[in-house]
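Peer 1: Fold the following.
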Amino acid sequence: MPYSNKNDHLKIAEETIKNLREELETVKKHLAMLQEDNRELKELSIRDELTGLYNWRCFQDRLEQEVARNKRQGHPLCLIFLDVDSLKSYMILMGIPVEMKS
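Peer 2: Numbering: from 1, shown residues only. Prediction:
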């Protein structure tokens, strides 16, 4: 009779392990979904919704990184700003949907 008790404990342990493995797989799937959602949110936070171009926040972060890198490496940094006049006309010409407020 003592062996049946050990077998019962073994069966319970095996069932517990099986359940934990299933729960682990569920957690892994949820984690993967959260990571994908976070990637999408990050992309949305650094790009302009209308043009798809990087936004001012992204520019500031990247500029700070590049200035620090160039200081560390002792390289000069050149920065060029472009201002596109008539952006709406350009977007229409390129076939980009335009919903800008005039």
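Peer 1: List phi and psi for residue 54.
Peer 2: phi -60, psi 140 (degrees, to the nearest 10).
Peer 1: Output the lowest mean pLDDT helix or strand found in this protein.
Peer 2: helix 87-94 (a mean of 79; mean pLDDT, DSSP states H and E).
Peer 1: And that helix, what's buried?
Peer 2: Buried residues in helix 87-94, counting neighbours by 16 or more other CB atoms under 10 Å, are found at residue 91. C-beta coordinates here come from the backbone N, C-alpha and C atoms, glycine included.
Peer 1: Kindly report the same for stretch 50-65.
Peer 2: Those would be residue 58, for stretch 50-65 by 16+ other CB under 10 Å.
Peer 1: I'd like the average pLDDT over it.
Peer 2: Stretch 50-65 shows a mean pLDDT of 90 in the predicted model.
Peer 1: And the contacts of it?
Peer 2: For stretch 50-65, contacts defined as CB atoms under 8 Å, 6 or more residues apart in numbering pick out 45, 46, 47, 48, 79, 91, 96, 97, 98, 99, 100.
Peer 1: Just the ones of these in helices?
Peer 2: 45, 46, 91 (DSSP state H).
Peer 1: Dump these into CSV; add distance to residue 27 as well.
Peer 2: Converted to CSV, these look like this (distance: CB to CB, whole Å):
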residue, distance to residue 27
45, 26
46, 29
91, 44
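Peer 1: Thanks again, I'm all set now.
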